[in-house]
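Undergrad: Coordinates only, no sequence provided:
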């Protein structure tokens, strides 16, 4: 020891150097260190992910040389500036503190002298100890007392040492926690607990702050481990999410929007089954590894951390060592809902910040009623967004399964009586998936419209938003508790910083009204057709999680495939149906249902049927019905077809007044409701059965006295030009619709695949995939569309088609009826306006009403020519000569008397009509008005000539009533002055008095004898 002593010096020793600094110098020294501290903080905040303790300079240099979007070339200049700034601040700090360093050097000798003095003191102590030992040896009686004192001093020294050690532990623990070295921090915590228990340190009041610091460090350690668990579970660090093959495939940086077709091909070509299996490989390996762990190994060695699953396992072991595993598991379950929702929120914010312009411009509206087309770059962005979200949720489910299995291992190895509520986690995941899908598939504006249009025959009841039971409504008295309402709400605000109370809240209640929080705005406009963007990632999630649910929970949890199947049936299909109804109502319905335009065949059709054609074809294209039969989708589409058929039925009834309740608007409506008459028309139009006078009889029984004033047809019973055009467009619309309806029909095997929890992703993908294309209208034009149907669907489809075909024949019948109504109206007008059929001189002039009829026939024919085929045009005009004959013959009842000039006048008008009709009908030979000509010719015969023709069967076309009418006109009213006419609504009976003309009575009697009773 002597050789270490410092030689004493003679004379005065150098004193401790103490320099004084003014305020400015102290500030400069402090500022220099502050700048260095700021530089280090800058590195810690902005470069912490790039420059770490484990950073490799070579890798860092390579990143700075990488000018791509994933490199750091764009931050190289910033890095150089940071380097220069640190160098400058470091140099400045050295310059400011050089004097202090110099002072420390000067004080070294003083420290050496102090050490020498200490050595001298130690030597004196040693001498004192020797003296004490000598005294002890000399005085054996005081040995026990000295031993006790020694033990007391030793305990005191140990306690002081423990105090010194435990005082240093909080800072060390915080340092380890900050470095995320939780295992080392846990060791220090155990050491602190050991020291405090061994030496009863916490009974020392002065150590209470230290105890509080250690408790705080323990809390921070626990909280940090919980936070890291959440970071791992919910992929909050990008490295843990993007280190996946599937996300690399769908990442938009690879496509850069340059080839949407290639991008979509990549998405579609992803093998969902294979990818889901690949994503579960690490989980499967981990679960197999932890089954072989031994208790002794767990107590001494942690699992080597090669994956996130190993890190989770080690964190759970550390938490268990803190006796806080039950609390941690409860926190993980309770925070699951918020964390899952945060995945969606953070991903949304990332998209908004990454593509602010695109999302602002294109995110608010859709390209069409059927969602975004693939040419819209936002559709690619949203596909990637859905992929990221569902992959993150999938990873979260995997890691919760890791926790579940880890706790199961702990139960066996450590004899723990705890469990992890994985079933609750799975339910929350499904709820979040449902909420996410609803948010982007559920267009609330569509829902409001769909309430009014879901069923034509039902009225939607308003949905009540009132709560069945509310706490705040459960107090009715003026109890003293209400006086504390304001204080209670203030306390709630203090306890829950995020809690807010509306300014207009009712302070008379001690309960807080239920809060309705504003839902985050969707990135794009919701529509059911957004399913095409989310289907593949949803299927990956469903398929991968189908093998993740523990076998012991399979009976109490809903299988993922069952969840998807149920969602598609109970949510997607009804939403698709209501959306399609709303699109149908907004596109097909219009303010003017009779507006028309040209179709793809350059025929004028109603605009509504053209719009329906576009809607229907787009629906078939998007739902891919040409190659895939889906019973639910097919049913919805056929329902839309039925809705179209019912709409046109009602439209036709409105146009013609063809309803069972209204018989007064138009005679055409009355004719259309006559089943016998319509049966005759359908037999002719559908089966080409020859027409006869029976049609005319059925027509005239509703207007039998058309030739008398105040009776018969009105101008309103005939189509005006606008109505006629509408009916023609109506017919063309139905004929065109039936044409492309027939082209859609495709029957498939009824043995379709039923989806359940055992189905695989490929089956589900085939069942629910929606067609995606660049331009929907172009695909519709170039693709031969089909509607795949099973046997039952085909029956309903054929039934609807048959109803539309019948409606087409009814429309065609209305055109026939309109032409006949014009004939009856104008011929009846001729008889009403002409009182004298016995003129003294003959006339070659045409009756004005017959001239109008000829003009109407030509106008009618011209409109038919411009809109209908020749065959259909002939069907409309066919049989018109029978109606004209019947009208002229029936109109003779209104003639009191007629001479030869009158007969010639009538026959001349009939001949004109016959020539006109032969000009407009293709088969002119079928037009024959000889019956009416022969009838009026017979009126100019003598009685003998009349009966001769009757015997020769030349008047076989006449009924008994017609023959009596001829006799009446032959004899004239002057020949039977005492004649009294009695009429009823069905027959005209001529009764003569006993003083009447005997010859007339005999002629009538002879007619009764020569004809049968059924000829009336």
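TA: Arrived safely, thanks for sending. What you see is a predicted model; the values in this text were computed from it and never measured. Residues are numbered from 1 along each chain as shown.

Undergrad: so how far is the biggest helix by length in the chain off the chain centroid?
TA: For the chain, the longest helix by residue count, based on DSSP state H, is helix 791-833. Put simply, helix 791-833 sits 42 Å off its chain's centre (C-alpha atoms, centre = their mean, to the nearest Å).

Undergrad: Would you check how far apart residue 423 and residue 334 are?
TA: Note on residue 423: its distance to residue 334, by C-beta to C-beta, to the nearest Å, is 14 Å. The C-beta positions use only the backbone N, C-alpha and C, and glycine is treated the same way.

Undergrad: The two: which is more packed in?
TA: residue 423 (17 against 12; other C-beta atoms under 10 Å).

Undergrad: what about that one, helix or strand, and which?
TA: Per DSSP states H and E: residue 423 is located in helix 422-441.

Undergrad: Can you name every helix or strand that that helix contacts?
TA: Applying 3 or more C-beta pairs under 8 Å, 6 or more residues apart in numbering; DSSP states H and E, one finds that helix 422-441 contacts helix 325-334, helix 336-354, helix 377-414, helix 531-545, helix 560-567.

Undergrad: Return the most buried member of the ones you listed.
TA: helix 531-545 (a mean of 24; mean count of other C-beta atoms under 10 Å).

Undergrad: Could you give the average pLDDT over it?
TA: The average pLDDT within helix 531-545 is 89.

Undergrad: and that helix with helix 560-567, angle?
TA: Here the directions of helix 531-545 and helix 560-567 differ by 150 degrees (axes from the mean of the first three to the mean of the last three C-alpha atoms, to 10 degrees).

Undergrad: Who are the packing partners of helix 531-545?
TA: Against helix 531-545 (3+ C-beta pairs under 8 Å, 6+ apart) you get helix 272-279, helix 377-414, helix 422-441, helix 560-567, helix 761-768.

Undergrad: Could you tell me the least trusted of those?
TA: When these are ranked by mean pLDDT, helix 761-768 comes last with a mean of 77.

Undergrad: buried residues in that helix?
TA: 761, 764-765, 767-768 (16 or more other C-beta atoms under 10 Å).

Undergrad: Let me know the helix or strand that residue 852 is in.
TA: Counting by DSSP H and E, the element that carries residue 852 is helix 848-867.

Undergrad: Quick check: what element follows that helix along the chain?
TA: The first helix or strand that comes after helix 848-867 along the chain, using DSSP H and E, is helix 870-877.

Undergrad: following that following helix, which helix or strand comes up?
TA: helix 880-891.

Undergrad: what angle sits between that following helix and helix 791-833?
TA: Helix 880-891 and helix 791-833 are oriented at 40 degrees to each other (the same axes, to 10 degrees).

Undergrad: Can you tell me how far the residue lying closest to residue 900 once chain neighbours are set aside is from residue 970?
TA: Using C-beta to C-beta, 6 or more residues apart in numbering and skipping the chain neighbours, the partner closest in space to residue 900 is residue 940 (5.5 Å). Separation of residue 940 from residue 970 (C-beta to C-beta) stands at 8 Å.

Undergrad: Ok, residue 680 next?
TA: Counting by C-beta to C-beta - residue 680 and residue 970 are separated by 34 Å.

Undergrad: okay, now residue 603: neighbour count?
TA: 16.

Undergrad: Identify the residues contacting the nearest residue to residue 594 once chain neighbours are set aside.
TA: Among residues not flanking residue 594 along the chain, residue 726 sits closest, at 4.6 Å (C-beta to C-beta, 6+ apart). Contacts for residue 726 (C-beta atoms under 8 Å, 6 or more residues apart in numbering) come out as 594, 596, 606, 655.

Undergrad: Could you find the closest non-adjacent residue to the third one?
TA: Same thing as residue 606. residue 733 (4.5 Å).

Undergrad: Ok, the last one next?
TA: With C-beta to C-beta, 6+ apart as the measure, residue 726 is the residue that lies nearest to residue 655, at 6.6 Å, once sequence neighbours are left out.

Undergrad: Helix, strand, or coil at that neighbour?
TA: When classified by DSSP: H, G, I helix; E, B strand; the rest coil, residue 726 comes out as helix.

Undergrad: same check, this time on the one 3 residues further on
TA: The assignment at residue 729 comes out as helix when based on three-state DSSP.

Undergrad: buried ones in the helix or strand encompassing residue 652?
TA: Residue 652 is part of helix 631-656 when elements are defined by DSSP H and E. Neighbour-count burial for helix 631-656 flags 631-645, 647-649, 651-653, 655-656 (criterion: 16+ other C-beta under 10 Å).

Undergrad: counting contacts, what elements does it pack onto?
TA: Here helix 631-656 touches helix 573-587, helix 607-622, helix 667-672, helix 721-744, strand 787-789, helix 791-833, going by 3+ C-beta pairs under 8 Å, 6+ apart.

Undergrad: mind checking which of the ones you listed is nearest residue 58?
TA: Evaluated over those, closeness to residue 58 peaks at helix 607-622, with 53.2 Å, by C-beta to C-beta.

Undergrad: sorry, back to before: Provide the angle between the direction of the helix holding residue 652 and the direction of helix 761-768.
TA: Per the same axes, to 10 degrees, the angle that helix 631-656 makes with helix 761-768 is 0 degrees.

Undergrad: now helix 631-656 against helix 573-587, angle please.
TA: Counting by the same axes, to 10 degrees, helix 631-656 points 30 degrees away from the direction of helix 573-587.

Undergrad: chain center to helix 631-656: distance?
TA: 23 Å.

Undergrad: what does stretch 71-79 give?
TA: 44 Å.

Undergrad: What count of nearby residues applies to residue 79?
TA: Residue 79: 16 neighbours (other C-beta under 10 Å).

Undergrad: Going forward, count from 797.
TA: Got it, the first residue is 797 from now on, which makes the last one we talked about residue 875.

Undergrad: Please, which helix or strand holds it?
TA: Short version, using DSSP H and E: residue 875 is in helix 872-902.

Undergrad: Now the element after that helix, going C-ward?
TA: Next along the chain from helix 872-902, counting by DSSP H and E, comes helix 904-934.

Undergrad: which strands and helices sit next to that next one?
TA: Packed on helix 904-934, when contacts are counted by 3+ C-beta pairs under 8 Å, 6+ apart, is no other helix or strand.

Undergrad: quick check: angle from it to helix 872-902?
TA: Calculated by the same axes, to 10 degrees, helix 904-934 forms an angle of 60 degrees with helix 872-902.

Undergrad: now the angle between helix 904-934 and the helix or strand following helix 904-934, please.
TA: The C-terminal neighbour of helix 904-934 among helices and strands, as given by DSSP H and E, is helix 939-974. If you take the same axes, to 10 degrees, helix 939-974 sits at 140 degrees to helix 904-934.
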